[in-house]
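Novice: let me see the structure of the following:
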Amino acid sequence: MKNYLASLTFFLCASTLLLAQVRYTGEEYRDYYEWFHQYSQTPDFYLDGTQLISFVENTPVKQLPQTNSRTLGTLALGQTVTNFSIPVDKAVYSEHHGYREQWFKVEACSADGNVYIGYVWGGFLAKSWQYFDLEEKGTKSLIALGLSTNPRQAPEDIRAMLKIIQNGKLIQALELDGICLFEDCGASSLLRIFDFNTSDQTIVFESSIFTAGCLTGIDKALVAWDGQQLTLIHRGEYTTGQTYANNPLYLRQATQTQVCYYQNENKAYDPVWNCRTLNQAVAVP
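Specialist: As a prediction, the model looks like this:
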């Protein structure tokens, strides 16, 4: 998941069989690449002093970058650690649950306040995250995008997971098929949040991945949160125009309800919706 264009170009040209939805684009998406990496947190994994976040409960911190190494401590779900950059030629990789990922050197704080340094397998870390006040009560939840916690059963079985975390507790999670976040994908990731200011506080999360080089791929999933559950609204591969899911988004106000479908993106890369108003406000079954 290197964020540098040269690294991605080399990797993707040599590994085209790993990518299911790509086409030759050359420089066509350079503007999007530059915009994407203004907001992507992928560069944080390769810079000293950046904050990374645990994506699973009881994430083990190892003495060495090895699964069977001694465990120095564990991280709570959503706990932050400080990253120490590792040179590319010294990076260590391991496969776990069918996914190959790099080990990252981090500084963590134990429950009793002691600081220690160890290694965390990259699949146990969130790839993108945002803090957002979902309930508009002054308390921000952690919205995190990472690898699926379910084992990979076949090469084509590529899944991510979107999680809502509050005070270290998992509120809800949704698997996202086709969102490729592990090392072999060579992809950068991005998480954005769109607040529709509806009476039921509907929020839409955009989970995107971007691969750049001689082969370019842009996969996106739009997920709605209505205060009770996460629902996949749209998933598509933008460089090929392939749509894999397109479900209704209901926007409920006090006096009316709108039903919306994803249409396209505007010049700011924000989603554009095709909406119609129902006769009256209704509950969606």
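Novice: need the residues that contact stretch 265-275.
Specialist: Stretch 265-275 is contacted by residues 32, 35, 194, 204, 206, 222, 234, 238, 249, 251, 258-264 when judged by CB atoms under 8 Å, 6 or more residues apart in numbering. The C-beta positions use only the backbone N, C-alpha and C, and glycine is treated the same way.
Novice: the residues you listed in strands, which ones?
Specialist: Among the contacts of stretch 265-275, the members falling in strands are 194, 204, 206, 222, 234, 249, 251, 258-264 (criterion: DSSP state E).
Novice: I'd like to know which of those are buried.
Specialist: Buried residues within the ones in strands among the contacts of stretch 265-275, counting neighbours by 16 or more other CB atoms under 10 Å: 204, 206, 222, 234, 249, 251, 258-260, 262.
Novice: so residue 45 sits in a helix?
Specialist: Yes. Secondary structure assignment (DSSP: H, G, I helix; E, B strand; the rest coil) places residue 45 inside a helix.
Novice: what number of residues lie near it?
Specialist: Taking other CB atoms under 10 Å as the criterion, the count of residues near residue 45 is 20.
Novice: and it, how close does it get to residue 235?
Specialist: From residue 45 across to residue 235, the span is 25 Å (CB to CB, to the nearest Å).
Novice: closest one of the ones in strands among the contacts of stretch 265-275 to residue 64?
Specialist: Minimum separation from residue 64 among those (CB to CB) is found for residue 206, which lies at 37.1 Å.
Novice: in terms of contact, does the closest one touch residue 192 like I think?
Specialist: Yes. Look at residue 206 against residue 192 with CB atoms under 8 Å: they come within range, at 4.3 Å.
Novice: and the residue lying closest to residue 223 once chain neighbours are set aside, how far is that from residue 211?
Specialist: In space, residue 223 comes closest to residue 205 once its chain neighbours are excluded; the distance is 4.7 Å by CB to CB, 6 or more residues apart in numbering. In this structure, residue 205 and residue 211 are 21 Å apart, going by CB to CB.
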